[in-house]
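Trainee: Model the structure of this input:
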Amino acid sequence: MKLDKHDIAIIEALQKDGRLSNRDLAKKVSLSPSPSWRRLRSLEETGVISHYAAVVNREEVGLSIMGFAHVTLHDHRSENVKKFDQAILGAPQVLECHATSGEHDYMLKVVAPDMASYQDFLSSYLLKIGVVRTVNTSFVLKQQKSTTALPMDQIKL
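Mentor: Now for the predicted structure:
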């Protein structure tokens with residue numbers, strides 16, 4: 001979908017506050033409510049806006065450990081990759097899973113209440129998938145920035 005300045009303004013406004021009413025959104029993006037609503041529906045229907053969610057503070061709910069696990073598989077046979085991918089989809093501790101280039105095959109963003117829980121996830125789940133050769137985890141000491149907002153100023157019109 002080719003975005004214009006109004007589409008980008010709608011996305012920027014919703015990235016800041018996903019609970020805006022259509023009337024407030026229209027006002028923020030200098031459109032009347034009907035064109036604002038039509039544009040928003042189009043952004044949703046084409047998949048530019050994929051979903052809405054509440055952002056929860058992980059530490060406030062007791063998930064104080066966050067780490068990035070760099071995973072290397074034994075090999076890249078399709079059945080092993082599929083087995084790993086399916087196992088990760090069933091792991092609620094894994095917030096993100098990215099197939100990567102470079103030294104490791106995957107990078108997982110993992111949360112846990114404490115180190116013992118992370119160790120349990122590692123030894124009782126991740127390594128028991130049977131296709132994982134190595135896991136190297138870097139733990140977050142301090143979070144400098146966290147956002148879900150994409151840099152819309154980088155979009156070429």
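Trainee: element containing Thr134, please.
Mentor: strand 132-139 (DSSP states H and E).
Trainee: So which bits of that strand are buried?
Mentor: For strand 132-139, the neighbour count (16 or more other Cβ atoms under 10 Å) marks Val132, Val135 as buried. Bear in mind the C-beta positions are built from the backbone N, C-alpha and C, glycine included.
Trainee: Neighbouring strands of that strand in the sheet, and parallel or not?
Mentor: Looking at strand 132-139 with DSSP bridges, its partner strands are strand 65-73 (antiparallel).
Trainee: List of residues touching the helix or strand where Asp120 lies?
Mentor: Assigned by DSSP H and E, Asp120 belongs to helix 115-121. Residues from elsewhere that reach helix 115-121, judged by Cβ atoms under 8 Å, 6 or more residues apart in numbering: Ile65, Gly67, Ala91, Gln93, Val110, Ala112, Thr137.
Trainee: Tell me where this structure has helices.
Mentor: With DSSP state H as the criterion, the chain has helices at 5-16, 22-28, 33-45, 78-89, 115-121.
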